[in-house]
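S.K.: Quick one, structure for this:
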Amino acid sequence: MNNLIPPFNFQHVFVAPWTENISTFGWTALMGFLVAAACGLVGNYLILRRMALVGDAISHSVLPGIAVAFLLSGSRGSLPMFLGALAAGIVTTVIIETIHKQSRVKQDAAIGIAFTSLFALGVIIISLYASKVDLDQECVLYGEIAFIPLEAPVRFAGLTLGPPTVLRMAVVTLLTGLLVACFYKELLVSSFDPALAISLGINAIFVHYALMSWLSVVVVSAFESVGAILVVAMLILPGATAALLSQRLPVVLGLTLAHAALSAVLGGHLATWLDCSIAGAMVVMGAALFCLVWIFSPGEGLLRRCGDMVVSRWLPRRVGRAD
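M.R.: Sure, this is the predicted structure:
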């Protein structure tokens, strides 16, 4: 067991990252928070719409978009890759909705058809043009957040702002929060009751496609650091955890940000201890927070439900004996 798990050193795991390695740990933790926050805010509406797997579909379908963008541009620059992946994400959304609405295929089956087909298409393109498509498939799938502090920082007006990936994700996260605040009513009503939204003059179809398009932007912005697979967990875990603590959407959104911060920081410390994938450690800590809330939540926790079940069975017996 000692060979599997490194010895725990409090100084190395919790103190050194904030003192000796703050320039590295700080950027990775900030990037983890930005990704989890942006994904979590959008993910809340996916959960309300019972479309959690759409994020999975889009995150897998970016592979052919990236491959085609590289073939057309001949560059691995951020802009061509971003535009190619974004186009693939939007096409995935359109394919899912078309299959679902123009046939009797259920939405979950449509999602499975779309993302597996597009992901396989991306694999074929890379296989056929392996000599031309110089892409790191593991980076696309798993990401590598540890490389972010090594990027050349952006400088503006004599100020060092930080790595470009972090700045881009910060803009996406701020825009996500701004859009959620500005279109709170439209997103809320159309998520719970599309028919009511239409009766109130809200174009539910437009809101749906706008949400899916912005989801594509968030996923594409995030997968560079956490990968196409791990970003799915970031879409679901914060919102699912917050939903166990409150039923009021504003509170849920606030708790989503708190979960994002905790999972990023605690995941960074876990990765420091185990010397493992940072993005993977952040997701593991996010899942651990979900498990804790699931067990100990005062309203929806497992212990509360078990206690209510025991009381409901025990109390009638006591009342019957008293009679």
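S.K.: In the helix or strand that contains A260, which residues are buried?
M.R.: Taking DSSP states H and E as the definition, A260 sits inside helix 249-274. Buried residues in helix 249-274, defined by neighbour count with 16 or more other CB atoms under 10 Å: 249, 252-253, 255-274. To be clear about C-beta, it is placed using only N, CA and C from the backbone, and glycine gets the same treatment.
S.K.: Mind giving me the packing neighbours of that helix?
M.R.: Using 3 or more CB pairs under 8 Å, 6 or more residues apart in numbering; DSSP states H and E as the contact test, the elements touching helix 249-274 are helix 22-48, helix 204-243, helix 278-296.
S.K.: Any idea which helix or strand in this structure has the lowest mean pLDDT?
M.R.: Lowest by mean pLDDT, DSSP states H and E among the helices and strands of the chain is helix 137-142, with a mean of 57.
S.K.: count of neighbours near the nearest residue to L179 once chain neighbours are set aside?
M.R.: Take L179 and drop its neighbours on the chain: the residue closest to it by CB to CB, 6 or more residues apart in numbering is W214, 6.7 Å away. By the measure other CB atoms under 10 Å, the count of residues near W214 is 19.
S.K.: Hmm, W214 is touching V42, no?
M.R.: Yes: when contacts are counted by CB atoms under 8 Å, W214 is listed as touching V42 (6.6 Å).
S.K.: What does T160 show for phi and psi?
M.R.: phi -90, psi 110 (degrees, to the nearest 10).
S.K.: For the spatially closest residue to it that is not a sequence neighbour, give me its contacts.
M.R.: Spatial nearest neighbour of T160, chain neighbours left out: P153 (5.0 Å); criterion: CB to CB, 6+ apart. Going by CB atoms under 8 Å, 6 or more residues apart in numbering, P153 touches T160, L161, G162, P163, P164.
S.K.: Recalculate using a threshold of 6 Å.
M.R.: T160, G162, P163 (CB atoms under 6 Å, 6 or more residues apart in numbering).
S.K.: try S277
M.R.: Applying CB under 6 Å, 6+ apart, no residues contact S277.
S.K.: pLDDT value on it, please?
M.R.: At S277, the model reports a pLDDT of 83.
S.K.: next one: phi and psi at the residue nearest to T160?
M.R.: phi -70, psi 150.
S.K.: again, but for F156
M.R.: phi -140, psi 130.
S.K.: where does this structure have low pLDDT?
M.R.: Low-confidence segments of the chain, defined by pLDDT under 70: 1-3, 75-78, 129-143, 224, 228-229, 307-323.
S.K.: separation between V207 and L161?
M.R.: Using CB to CB, to the nearest Å, V207 is found at 34 Å from L161.
S.K.: Mind checking which of the two has more residues around it?
M.R.: The neighbour comparison of V207 against L161 (other CB under 10 Å) goes to V207, with 19 against 13.
S.K.: Contact partners for the nearest residue to G254 once chain neighbours are set aside?
M.R.: Of all residues beyond its chain neighbours, the one nearest G254 is A242 (7.9 Å), with distances taken as CB to CB, 6+ apart. A242 sits next to V252, L255, T256 when contact means CB under 6 Å, 6+ apart.
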